[in-house]
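1. My questions concern the predicted model and sequence given below.
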Amino acid sequence: MRSAHLLCAALSWPLLAAHVLAAPAPLPAEHISIEPLPPRSPHWVYVYDEVFDYEIDCRVYLYDGDHYRRLGQISGGFYTSVNLSPDGTTTAVAATYFARGSHGTRTDVVEFTDNKTLAVTHEIILPSKRALTGPSIFNLAYSEDAHFLYAAYMTPAASFGVLDPAAGKVLGEIDTAGCVLVIPSGRYRVSSLCESGRLLTVTLDAQGRETARAMSEPFFDADKDPLFVQGIPTKNGYLFLTFLGEVRDIDFSAAQPVFAPAWSLVDPAEKGHWRPGAYQVGAIHKELGRLYVPMHEGGEGTHKDGGTEIWVYDLASHRRLARWPLKVQGLSRVVAVQVSQDPAPILFAATETGDLAMFDALNGRPRHIQKQAAASPWMLLNP
Amino acid sequence: MRTLDQLFERSTRSLAQRTSRRSLLASLGQLLTGAALLPLLPVDRASRAHAAEGKPRPDSPDSCEYWKYCAIDGFLCSCCGGTSTSCPPGTAASPISWVGTCHNSSDGRDYIVSYNDCCGKSTCATCDCTRNEREKPVYRPSRNNDLNWCMANADVNYHCTVSVILAVAEK
């Protein structure tokens, strides 16, 4: 028996030796590193996540619309406001922090992130009166030359702070007589929306001091057909939508805003039945002159319900070019939209269940759906 | 509101002291036996349907469909340790608020309802309820439910929202 075992071992030894010789080399030791960001792409999108269930931990995700992956994160605090610098190189995040998380000394702060590294470069401490409200590009906004950053305040008395982002300091505060938010234009004008349906425009000097203010004529009726505060940038200013689907295109390039004649997203038969609704109610491709709006069927009180379809318009002719149903793509209601500004544009659409969908913005063909991209993706920004 | 709470609390405690658990079960048993002989009404089926889905009935303050919540946006304090009119223990009510006008179908009246935030703990994260009847954007703050109304409370953040009847709305 023993001789049989010895014979077996003798025969198997060359096989074992051959196996050892053929085994792959062990893995090399690894070294931890920081992943660099790839070069900036027009198909990047910054996804603002309100994290509604845990609002003290709002954040912004940077997402690559070509490679369908998250590139990194910018952290925020409670009820964060976010915007990009005009050249897209910096993200400004205004947040509120309490020393003990849910309570304790309140600190309002703007943090600046270098979009090449996603590292925070510096900050400005604000007075504790930042407007703690829903997402809008008019909560925190740069002047067109990035010389100033404006921060909307509400206590609920309304005003705004004028900040110097380069020097890292607050320059002053401008009272807005009950009108709210900061709509920037030119050097250096800030307009605010008033309950009376007017725009207040305050002009500043190069030191951030008020030199003039003027009130426009009413251009919407807050009782009959309120205006969404989520304006959409155009070539010369901003376009606003009303709850019933009227379009107010405002040219902000002159000293005072100029209002184009109103037009409607819906025909008379659709009016009151189909309407825009979302936390970010539209996106515009400036060169193509196309407007994308999440639309749904619903009545009064459904203005935050999100779109079951994306409707596409030509801004020059006001003609509806397409209706893109979303349910057939397996998507829930769309609560935020954004479009890249390049010649091969992507339409980004974030849903109420946290998915981020990407479409070819020229024809509506689906490209990708990133499931569970965020908890509460209520605003999308482009570089 | 506090007086009403105290009155209700006293009567409940008094009932509990006067009644043993066994006698309560016996009474309930008699009541249920009688109830089984009654014809089933549509309302009964509706309540069972909600119970089967594990959802509170629409006439319950734990339901987002409850009439007083017509312009609320936040977490229902009734799910967070409070009630529809009281903040959970250890929080503080916001002194400022937004209002809604809600129709109570059981008495046919419209009421002005004040939505006050309860502040001082992190978000309750239960019973999220967003309804926006006659809700307006932030340029009309008194009707806006996006604002954090804990803003006037020093150094505390948002936890949940209560809905308090202020008055019958005048037509």
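-> Structure received.

2. Give me the nearest residue to A:G272, chain neighbours excluded.
-> Computed as CB to CB, 6 or more residues apart in numbering or on different chains, the closest residue to A:G272 that is not its neighbour in sequence is A:L244, at 6.7 Å. The way it works is simple: take the backbone N, C-alpha and C, and place the C-beta from them, glycine included.

3. need the residues of chain B near chain A, please.
-> Selection of chain B residues close to chain A by CB under 8 Å from any CB of the partner chain yields B:70-71, B:96, B:120-123, B:125, B:128, B:130-141, B:144, B:146-148, B:150-152, B:154-159.

4. Return a PyMOL selection command for the buried portion of these.
-> Applying 16 or more other CB atoms under 10 Å in any protein chain shown to those, the buried members can be selected in PyMOL as follows:
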select buried, chain B and resi 70+71+96+120+121+122+123+128+131+132+133+135+136+137+138+139+140+141+144+146+147+148+150+151+155+156+157+158+159
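
5. Please flag which of the residues of chain B next to chain A sit within strands.
-> When those are checked against strands (DSSP state E), the matches are B:D128, B:T130, B:Y158, B:H159.

6. Reformat these as TSV; add distance to A:V258 and pLDDT.
-> Formatted as TSV, these follow (distance: CB to CB, whole Å; pLDDT from 0 to 100):
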residue	distance to A:V258	pLDDT
B:D128	42	96
B:T130	36	95
B:Y158	39	96
B:H159	45	97
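
7. Now flag whichever of these is closest to A:T308.
-> Nearest to A:T308, judged by CB to CB, of those is B:T130 at 17.1 Å.

8. May I have the residues that are in contact with the nearest residue to that closest one once chain neighbours are set aside?
-> Computed as CB to CB, 6+ apart, the closest residue to B:T130 that is not its neighbour in sequence is B:D73, at 4.7 Å. Taking CB atoms under 8 Å, 6 or more residues apart in numbering or on different chains as the criterion, B:D73 is in contact with B:C129, B:T130, B:R131, B:N132, B:E135, B:N145, B:D146, B:T161.

9. Burial check on B:C124, number of neighbours?
-> By the criterion of other CB atoms under 10 Å in any protein chain shown, B:C124 has 23 neighbours.

10. And it, what's its pLDDT?
-> Note for B:C124: predicted pLDDT of 97.

11. what about the helices in chain B?
-> For chain B, the helices defined by DSSP state H occupy B:2-18, B:21-37, B:42-53.

12. Confidence-wise, which of these is weakest overall?
-> helix B:21-37 (a mean of 37).

13. What would stretch A:102-112 look like as PDB? C-alpha coordinates only.
-> Extracted in PDB, the C-alpha atoms of stretch A:102-112 (Å, rounded to 0.1, in the frame of the first residue of the first chain):
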ATOM      1  CA  SER A 102     -29.600  69.700  13.300                       C
ATOM      2  CA  HIS A 103     -29.100  72.500  15.800                       C
ATOM      3  CA  GLY A 104     -26.400  74.700  17.300                       C
ATOM      4  CA  THR A 105     -24.800  77.900  16.000                       C
ATOM      5  CA  ARG A 106     -25.900  78.600  12.400                       C
ATOM      6  CA  THR A 107     -23.200  79.400   9.800                       C
ATOM      7  CA  ASP A 108     -24.100  80.500   6.300                       C
ATOM      8  CA  VAL A 109     -21.200  80.200   3.900                       C
ATOM      9  CA  VAL A 110     -20.400  80.200   0.200                       C
ATOM     10  CA  GLU A 111     -17.700  77.600  -0.700                       C
ATOM     11  CA  PHE A 112     -15.900  77.800  -4.000                       C
END
